[in-house]
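S.K.: Fold the following and give me the result.
(chains A, B, C and D)
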Number of protein chains: 2
Amino acid sequence: MSLKEELKLKKGFDIVEHEAALNVYFTAACLKKRADAFFKSFSLTDVQFNVMMLLVYQAGPEGGLSQAQLSDMMLVNRANITTLIDRMEKAGFVIRTSDSADRRTNIIRLTAKGKNFYTKAEPYYDQQIKKMMTGLNQSEQKKLISTLEKVRAGLKE
Amino acid sequence: MSLKEELKLKKGFDIVEHEAALNVYFTAACLKKRADAFFKSFSLTDVQFNVMMLLVYQAGPEGGLSQAQLSDMMLVNRANITTLIDRMEKAGFVIRTSDSADRRTNIIRLTAKGKNFYTKAEPYYDQQIKKMMTGLNQSEQKKLISTLEKVRAGLKE
DNA sequence: TTAAAATTGTTAATATATAAACTATACACA
DNA sequence: TGTGTATAGTTTATATATTAACAATTTTAA
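M.R.: Numbers count the residues shown, from 1 in each chain, chains lettered A, B, ... in the order given. From the prediction side, this is the model:
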């Protein structure tokens, strides 16, 4: 179904670039909504889950990541990390620790609660994301990935 | 460049579905950031521009759209439209009018200021979106559109 | 060594989004 | 006609995101 049909628009799109960009945008929104619904049963959000995933798989030698690293890996503003980590700290999933090498820096670490939670939730997430992407086969997904890489490359200029 | 490289991750992605979904998500975020930067010079946001575009091209016989219609066309919650239209009303771009056919309903209309603004801004937007999508040729864009349609179709189940 | 430039995390203000609950209104059905 | 259900928009609280400005700290360059 075309986006025009899905959004029930009277008039379609004259410029294919505009249509392509809107398709990316709204597909992401649909993915996010579906993910949000999934994570709701775990009482956290997709963004918080992403933080945990980053801490599990991308932690440095200090056993965590700095807020600046998190903001870089999530493509969001540093200011946003503050309240995000506040909420996750409050929920008991992460702690802020000081960095012995740099007094400006916090190292964000998963708590035992956070680790346990993540370990339990990950298989369910894996299952869910596979379900979510059943519209494409493996080869189509790989092609989509490389196409979107091209889009992003074109944005860098 | 792969997402792993862009985000400077130590560890890549084990599940291609996850990688594909993240590519959609982050590409949309990159598009949005670029669009935000563009619209900043016009002192409005991409979401507000989208509202204006919808009012110009999708208005009904009453010369506008209801808030519920806008929320459907934008795939966002009705509650979100309230404050969005508040801000646009405050900026003088739109007005809320009553709907003679249904006393619960507001019809959102562009003001003369809003119409003039949109008419001036649209050609610049067209130019900009073409520039933003230069990573793909026309055929690749059409292929991307149909792939994303498949993703969304798979999400409906 | 010193001063300038860069980086880290926070704060405050703003924008976009969600959910739940509500009132008023409209619709559907018996 | 009356009752139950659905819808429109708002309010409140919460989450995610941006910007600009700031103080503390670190890095860079002269």
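S.K.: just checking, next helix/strand downstream of the lowest-mean-pLDDT helix or strand in chain A?
M.R.: When the helices and strands of chain A are compared on mean pLDDT, DSSP states H and E, helix A:3-6 comes out lowest with a mean of 94. Per DSSP states H and E, helix A:3-6 leads on to helix A:16-40 as the next helix or strand towards the C-terminus.
S.K.: Run the contact check for the following helix or strand past that following helix versus DNA strand C.
M.R.: Per DSSP H and E, the first helix or strand lying C-terminal to helix A:16-40 is helix A:46-58. No - applying C-beta under 7 Å from any atom of the strand, one finds helix A:46-58 out of contact with DNA strand C, separated by at least 11.0 Å. (Each C-beta comes from the backbone N, C-alpha and C, glycine too.)
S.K.: Residue numbers of chain A in contact with DNA strand D?
M.R.: If contacts are counted using C-beta under 7 Å from any atom of the strand, the residues of chain A sitting beside DNA strand D are A:45, A:47-48, A:74-77, A:79-80, A:83-84, A:87, A:102-104.
S.K.: So among the residues you listed, which ones count as buried?
M.R.: Applying 16 or more other C-beta atoms under 10 Å in any protein chain shown to these, the neighbour count classes A:45, A:47-48, A:74, A:84 as buried.
S.K.: Serialize the residues you listed to TSV and add fields for pLDDT.
M.R.: Converted to TSV, these look like this (pLDDT from 0 to 100):
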residue	pLDDT
A:Thr45	96
A:Val47	97
A:Gln48	97
A:Met74	97
A:Leu84	98
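S.K.: And the pLDDT at A:Ala153?
M.R.: The model reports A:Ala153 with a pLDDT of 96.
S.K.: who touches it in this structure?
M.R.: When contacts are counted by C-beta atoms under 8 Å, 6 or more residues apart in numbering or on different chains, A:Ala153 is found next to B:1, B:135.
S.K.: State the helix or strand in which it lies.
M.R.: Following DSSP H and E, one finds A:Ala153 within helix A:138-155.
S.K.: Parallel or antiparallel, list what pairs with the longest strand seen in chain A.
M.R.: Looking only at chain A and at elements set by DSSP state E, the strand with the highest residue count is strand A:102-110. Next to strand A:102-110 in the sheet, as set by DSSP bridges, lie strand A:65-66 (antiparallel), strand A:94-99 (antiparallel).
S.K.: Return the most buried member of those.
M.R.: strand A:65-66 (a mean of 20; mean count of other C-beta atoms under 10 Å in any protein chain shown).
S.K.: re the thing from before, and chain B, is the least confident helix or strand of chain A touching that?
M.R.: Yes - Helix A:3-6 comes into contact with chain B (C-beta under 8 Å from any C-beta of the partner chain), by way of A:3, A:6.
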